[in-house]
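> Need a 3D model of the sequence below.
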Amino acid sequence: MSLFKDRPRLDLDHAASIKAWVRARWGLSEDTTIMVTELDCREPGCPPIETITVVLEGPGRTKRYKIHKAAAEVTGQDVE
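Here you go, the predicted structure:
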């Protein structure tokens, strides 16, 4: 049994764009770690895939944001 669905991998160039938009939107330094991933959304009425952005600014300073669409569809306007 596969734990991962057969779906395209996250485009690393587009993930880098999402990270840059997050960094610019929140005025984050280059030292701040930003992670972007896609997860299956299991909440009622939610699109099947959502993009999760996690901002790690330091111990106890973690923020998580959801965008209810696949990462390939995320734009700078979505981050705003």
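> Identify the bridge partners of Leu39.
When bridges are called by DSSP bridges, Leu39 pairs up with Glu50.
> Spit out the contact partners of it.
By C-beta atoms under 8 Å, 6 or more residues apart in numbering, the contact set of Leu39 is Ile49, Glu50, Ile52. Heads up, the C-betas are built off the backbone N, CA and C, glycines and all.
> Give me the below-cutoff pLDDT ranges for the protein.
1-8 (pLDDT under 70).
> So in the protein, which helix runs the longest?
When the chain is parsed with DSSP state H, its longest helix is helix 12-26.
> List the buried residues in that one.
Within helix 12-26, the residues that qualify as buried are Ala15, Ser17, Ile18, Lys19, Trp21, Val22, Arg23, counting by 16 or more other C-beta atoms under 10 Å.
> my guess is the first one meets Val22, correct?
No: using C-beta atoms under 8 Å, Ala15 and Val22 do not qualify as a contacting pair, with a distance of 10.6 Å.
> mind checking how far the closest residue to Glu30 other than its chain neighbours is from Ala72?
Closest residue to Glu30 apart from its sequence neighbours, by C-beta to C-beta, 6 or more residues apart in numbering: Arg23 at 7.8 Å. Taking C-beta to C-beta, to the nearest Å as the measure, Arg23 falls 20 Å from Ala72.
> Closest to Thr37 out of the buried residues of helix 12-26?
The closest of the buried residues of helix 12-26 to Thr37 turns out to be Ala15 (C-beta to C-beta; 8.4 Å).
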